[in-house]
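K.L.:
the sequence isn't on hand, but the structure is:
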Ligand SMILES: NC(=O)C1=CN([C@@H]2O[C@H](COP(=O)(O)OP(=O)(O)OC[C@H]3O[C@@H](n4cnc5c(N)ncnc54)[C@H](OP(=O)(O)O)[C@@H]3O)[C@@H](O)[C@H]2O)C=CC1
Ligand SMILES: CC(=O)N[C@@H](CCC(=O)OP(=O)(O)O)C(=O)O
């Protein structure tokens, strides 16, 4: 059995990790970490865990935890993992960080976009960006995984094949994405209260959202060019889900079949990426509760542009599901172990 500890188990991403790991036949959760609920029964924090989880929440002590478990998930705010990790810990245990601390290779860019000082830049280089479908081989031997963000996983997987194959003009790329409110976490914020969100939709973080450099960096690796994008996230009144719509000018005239064959080249063998049939467009409701990313595209011959769409569940493939997928790769398990989740509807 793989022994797992979760720092930040009481947040939305942490709760989803608990839900997934409880159903994972190779894992036992040894540590339910928390800051605000220490000594409280986990099932009192999350009623869905009643009679399923008997443990109480524990103080987050990464050094102590590293002695007890094989893998630590950090589902905590930006900066926390970087402030805790050290050589001793990394020599004993695998770390899968769901925050952005180790996602961006240039520490100056991280500090600029996140507005905080990076507390352990010495580990940025060795951390592997855990976008499983793209970086599988590097993930296998890693000690520290930077689990990608929710908007970023959706945007990058949607665009990646066409960026890699040089089919689109990268300087023309625009990503417009919508997220459910769970993406903002469980902490109370006025902007996320029911009356503020219900019956409304708004853009936020326009041209300043912290996921912009993460998407740019990964698409730069893919295309071999420095990519700069317009990225506009939106908040929509639903619990879960991200829909990313990306627009780009085509390098040349292409047919539906040519583009489809490129997506198939990258994703036909990928269990979690579903390239939909012609004219069936991704919808958040068809991936909810699952680790799937649904992708499709439409060529607009009138404008010589292509519209690429992707949908995923932000707390599953956008966070906890991808973290478990990374764990499976790290421990040599089939990637979909514990993740064969049928999407829930309605
Ligand atoms: N929600 C989402 O869809 C996604 C989230 N993520 C990332 O996952 C991480 C967690 O996000 P999310 O679950 O939404 O956030 P939440 O606000 O819901 O949860 C935060 C968690 O971190 C704990 N925590 C907060 N501050 C500290 C601290 N100083 N020391 C120890 N623990 C602390 C909280 O503990 P307590 O409850 O006890 O106060 C809670 O368990 C973030 O980095 C986020 O960017 C990534 C992709 C998607
Ligand atoms: C709706 C909402 O607020 N979403 C969050 C992104 C989700 C998240 O937690 O960010 P990471 O994926 O980088 O970890 C935001 O815009 O900051």
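P.N.:
Perfect, thanks for sending it. Source: prediction; values computed, not measured. Ligands and ions are numbered 1, 2, ... in the order given.

K.L.:
so what's residue 137 up against?
P.N.:
Neighbour list for residue 137: empty [criterion: CB atoms under 8 Å, 6 or more residues apart in numbering]. Glycine gets a C-beta too; all of them are placed from N, C-alpha and C.

K.L.:
should've said residue 329
P.N.:
132, 136, 139-140, 335.

K.L.:
now do the helix or strand hosting it, average pLDDT.
P.N.:
For residue 329, the host element (DSSP states H and E) is helix 321-330. Across helix 321-330, the average pLDDT comes to 98.

K.L.:
before we move on, what about stretch 310-317?
P.N.:
On average, stretch 310-317 scores 98.

K.L.:
ok, and what's touching that stretch?
P.N.:
By CB under 8 Å, 6+ apart, stretch 310-317 touches 12-13, 16, 20, 150, 153-155, 157-158, 179-180, 182-183, 240-244, 246, 272, 282-284, 286-295, 318, 321-322, 341, 343.

K.L.:
touching ligand 1 at all, it?
P.N.:
Yes. Using CB under 6 Å from any ligand atom, stretch 310-317 reaches ligand 1 at 314-315.

K.L.:
endpoints of that stretch, how far apart?
P.N.:
End-to-end distance for stretch 310-317, by CA to CA, to the nearest Å: 12 Å.

K.L.:
what number of residues are in the vicinity of the closest residue to ligand 1 within the stretch 151-300 of the chain?
P.N.:
Nearest to ligand 1 in the stretch 151-300 of the chain, going by CB to the nearest ligand atom, is residue 185, at a distance of 2.9 Å. When counting by other CB atoms under 10 Å, one arrives at 16 neighbours for residue 185.

K.L.:
give the contact list for residue 181.
P.N.:
So residue 181 contacts 192, 197, 235-239 (CB under 8 Å, 6+ apart).

K.L.:
next: residue 99.
P.N.:
Counting by CB under 8 Å, 6+ apart, the residues that residue 99 touches are 74-81.

K.L.:
I'd assumed residue 218 was in contact with residue 129.
P.N.:
Yes. Taking contacts as CB atoms under 8 Å, residue 129 lies within contact range of residue 218: 7.0 Å.

K.L.:
so for the two, which residues contact both of them?
P.N.:
residue 148.

K.L.:
neighbour count winner among the two?
P.N.:
Between residue 129 and residue 218, counting by other CB under 10 Å, residue 218 is the more crowded of the two (26 against 23).

K.L.:
per-residue pLDDT, the more buried one?
P.N.:
98.

K.L.:
can you check residue 188 too?
P.N.:
The model reports residue 188 with a pLDDT of 81.

K.L.:
distance of it relative to residue 196?
P.N.:
Separation of residue 188 from residue 196 (CB to CB, to the nearest Å): 11 Å.

K.L.:
okay, these two: which has more neighbours?
P.N.:
residue 196 (14 against 7).

K.L.:
residue contacts, that one?
P.N.:
residue 190 are the contacts of residue 196 under CB under 8 Å, 6+ apart.

K.L.:
where does it sit: helix, strand or coil?
P.N.:
helix (DSSP: H, G, I helix; E, B strand; the rest coil).

K.L.:
how near is it to ligand 2?
P.N.:
13 Å (CB to the nearest ligand atom, to the nearest Å).

K.L.:
what strand or helix carries residue 125?
P.N.:
Here residue 125 is assigned to no helix or strand, by DSSP H and E.

K.L.:
right, I'll leave it there.
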